[in-house]
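1. Pasting the sequence and the predicted coordinates here, then a few questions.
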Amino acid sequence: KRSRVCQKSSPTDVDCDGSEEVTRSCNNGRCPDCSLDCPAGQQRNQNCTACECPMTTRHITVYNTKRVPLAGVRVSLQDLEYETIGLTNASGALELPGFCDNTVLVSEKEKYMTNVTSIGADGGTPFEIILQALEGIEVTRHPLSKVALVGDNVNFTCKAIGKP
C-alpha cells in the first residue's frame, strides 16, 4: 500500500491528480513450481524452475560458419522463457555447471540467426554451436512494368532470397 500527501503552497494552487492511496500486490512474478519432479540423478534448482545435474559441468563453444569463435553470444534455456544463463567469452566458450544431457539451449547474437540446440550426452569435449550470419535480401526476379487506369487494381510480384 502506498500513500501520498498533496502539499499546496497556497489555496489557489491546483489540486493533485489521482487517488491519495494506491493498493496492489507486490509480487508480479510467476510463483515457482516447487512440486516439480526430477528424474533420477537430477534435483530441482534453488528457484524451483528446472531440474539440474549437480555433479556435471558442460562446456560449450560457439562459432560462426567459418569456425571463428564468437564472443558475447547470449545463451539461455528454452524451457525458462529464454532466461539468460551466460555470455560466451572472447574464445566463444561458456561453462555450464549443473546442466544435464538434452537440455535445450537458445543462442543469440546480433547479426546472426538464433540457434536452438539440444546438448547431447557429455563426451568430455566442448559441445559446439554454429551460428549463421544474417544476410541481406537479394531480389532475384524484379516486378514487371504494368499499365493501369485510375481505379484499377494492380499486383506487382518479385522473388527474393536471403537469411533468414
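-> Received it, and whenever you're ready, just let me know what you need. Note that the structure is predicted; figures quoted are calculated from it, not measured. Numbers count the residues shown, from 1 in each chain.

2. so how far is Lys111 from Val73?
-> Relative to Lys111, Val73 is positioned 11 Å away (C-beta to C-beta, to the nearest Å). Yep, even glycine has a C-beta here, placed from its N, CA and C like the rest.

3. between those two, who's got more neighbours?
-> Between Val73 and Lys111, Val73 has the larger neighbour count (other C-beta atoms under 10 Å), namely 24 against 9.

4. And that one, how close does it get to Ala93?
-> Val73 sits 10 Å away from Ala93, going by C-beta to C-beta.

5. Check Leu70 too.
-> Distance from Leu70 to Ala93, by C-beta to C-beta: 10 Å.

6. Neighbour count: these two, which is higher?
-> Between Leu70 and Ala93, Leu70 has the larger neighbour count (other C-beta under 10 Å), namely 20 against 14.

7. can you pull the contacts of that one?
-> Val62, Tyr63, Asn64, Thr88, Gly92, Lys109, Tyr112, Leu131 (C-beta atoms under 8 Å, 6 or more residues apart in numbering).

8. repeat that with 7 Å
-> Val62, Tyr63, Asn64, Thr88, Gly92, Lys109, Leu131 (C-beta atoms under 7 Å, 6 or more residues apart in numbering).

9. Then Thr140?
-> Per C-beta under 7 Å, 6+ apart, neighbours of Thr140: Lys159, Ala160, Ile161.

10. that's a helix at it, yeah?
-> No: according to DSSP: H, G, I helix; E, B strand; the rest coil, Thr140 belongs to no helix; its state is strand.

11. ok, it to Lys159 distance?
-> 5 Å.

12. swap in Tyr112?
-> From Tyr112 across to Lys159, the span is 25 Å (C-beta to C-beta).

13. Equivalent analysis for Ser91, please.
-> From Ser91 to Lys159 the distance is 41 Å (C-beta to C-beta).

14. hang on, the earlier thing: can you tell me which of the contacts of Thr140 lies nearest to Asn102?
-> If you rank the contacts of Thr140 by distance to Asn102 using C-beta to C-beta, Ile161 comes first, at 33.9 Å.

15. Quick one: list the elements packing against the strand or helix carrying the closest one.
-> Ile161 is part of strand 159-163 when elements are defined by DSSP states H and E. Judged by 3 or more C-beta pairs under 7 Å, 6 or more residues apart in numbering; DSSP states H and E, the packing partners of strand 159-163 are strand 135-141.

16. Good, wrapping up.
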